[in-house]
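J.: Generate coordinates for the sequence data below:
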Amino acid sequence: MTQDSTRTYEGGCTCRTVRYRFAVRPMFVNCCHCRWCQRESGSAFAVNAMVETERLALVCGTPETVATPSNSGKGQQVVRCPTCRVALWSHYAGAGAKIAFVRVGTLDEPDRLPPDIHIFTSSKQPWVVLPADTPAMDEYYDREKYWPAESLARRRALGV
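T.: Below you'll find the model as predicted:
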């Protein structure tokens, strides 16, 4: 798990209409290489930091939530800036609105949250080179095996 001694993270969209903050280390950070994330991000992968939604505070602006299809068929709710349309975070069907999957690239200092794991690497772009010291899974992963005990307890406390 990423060890970052400072626990306040701030971010927002490109036009700065929407700004957010959370003051807790994410439960886990994943880098997803699935084709859906590639398409949605317009890049080779998406990096998401999982944070309890109740700990995610809007500093300014009012984002809009857009229902978006997902590979699971259950859909996701993507929270976007209504002006520049940047995706700030998502809520997936499994945890619903209780966990926000914050797009690490929207943080002011995204380098503070490198991935704890790379997932769906079976569809990663061949030119992406994964770090040898970070777990990588062909598909999804066993949360109980990879998440720290503290993060698992936080997730259980949400009832998901």
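J.: got the buried residues for the longest helix anywhere in the chain?
T.: In the chain, taking DSSP state H as the definition, the longest helix is helix 149-157. By 16 or more other C-beta atoms under 10 Å, the buried positions in helix 149-157 come out as S151, R154, R155. Quick note: C-beta positions are derived from backbone N, CA and C, even for glycine.
J.: With distance to P115 and pLDDT added, can I get these in CSV?
T.: Below are the buried residues of helix 149-157 laid out as CSV (distance: C-beta to C-beta, whole Å; pLDDT from 0 to 100):
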residue, distance to P115, pLDDT
S151, 14, 97
R154, 19, 97
R155, 18, 97
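J.: ok, so of these, who is nearest Y20?
T.: Y20 has its nearest neighbour among those in R154, at 18.8 Å by C-beta to C-beta.
J.: which residues touch the residue nearest the centre of the chain?
T.: Central residue of the chain (C-alpha atoms, centre = their mean): N48, 1.8 Å from the mean position. Contact analysis of N48 by C-beta atoms under 8 Å, 6 or more residues apart in numbering lists V29, N30, C32, W89, S90, F101, V102, R103, V104.
J.: again, 7 Å this time
T.: Counting by C-beta atoms under 7 Å, 6 or more residues apart in numbering, N48 touches V29, N30, C32, F101, V102, R103, V104.
J.: and the closest residue in space to P69 that isn't next to it in sequence, how far is that from L107?
T.: Distances taken as C-beta to C-beta, 6 or more residues apart in numbering place G75 nearest to P69, at 5.8 Å, with adjacent residues excluded. For G75, the distance to L107 equals 25 Å [C-beta to C-beta, to the nearest Å].
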